[in-house]
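[1] Mind folding the following:
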Amino acid sequence: MNQDTISRIRKFREDRDWNQFHTPSNLAKSIAIEAAELLECFQWSEEEYDLQHVKEELADVLVYCQDMLDSLGLDVDEIVNMKMDQNERKYPVEKARGNSLKYDKL
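    Predicted coordinates for the structure are as follows:
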């Protein structure tokens, strides 16, 4: 996400004095709720869905994720790269390529 978008999210939250409600617990719940709404877009069909609705729900998830990053003082690049390092060790290309097995089954 670029800095202008992050600043816009922060300004929206700050203008409404919502930081007081953005505890890690509340934000985790909000992310899960919005993710469920995103999943609902595909409830009855994997091929027929409203792309605009998908974009709106995905944006809600991303905004709450940015709020969570801010609440915990985390850097998105740092934590994503940390997790990618773990994933690369758990799912080496030579074992994981082309299959969906969990790492403990490779």
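
[2] any idea how this protein splits into domains?
    Per the record, the chain has its domains at 1-73, 75-106, by automatic domain parsing.

[3] and among those, the most buried is which?
    The highest average neighbour count among the domains of the chain, using mean count of other Cβ atoms under 10 Å, belongs to domain 1-73 at a mean of 13. Backbone N, C-alpha and C define where each C-beta goes, glycine included.

[4] pLDDT on that one, on average?
    On average, the pLDDT along domain 1-73 is 97.

[5] So what would you say the end-to-end distance of that domain is?
    Using Cα to Cα, to the nearest Å, the end-to-end distance of domain 1-73 comes to 16 Å.

[6] Now do that domain: distance to the chain's middle.
    Taking Cα atoms, centre = their mean, to the nearest Å, one finds domain 1-73 lying 8 Å from the centre of the chain it belongs to.

[7] biggest helix in the protein, by residue count?
    helix 51-72 (DSSP state H).

[8] Which strands and helices lie in contact with that helix?
    Here helix 51-72 touches helix 3-15, helix 24-40, going by 3 or more Cβ pairs under 8 Å, 6 or more residues apart in numbering; DSSP states H and E.

[9] could you say what helices and strands the longest one packs with?
    It refers to helix 24-40. For helix 24-40, the packing partners by 3+ Cβ pairs under 8 Å, 6+ apart come out as helix 51-72.

[10] After the helix it packs on, which helix or strand is next?
    Using DSSP states H and E, the helix or strand that directly follows helix 51-72 along the chain is helix 76-90.

[11] pLDDT of that next one, averaged?
    Mean predicted lDDT for helix 76-90 stands at 97.

[12] contacting residues around it?
    With Cβ atoms under 8 Å, 6 or more residues apart in numbering as the test, helix 76-90 has contacts from 1, 66, 69, 103.

[13] from these, which single one is nearest Asp17?
    Using Cβ to Cβ, Gln66 comes nearest to Asp17 of these, at 17.6 Å.
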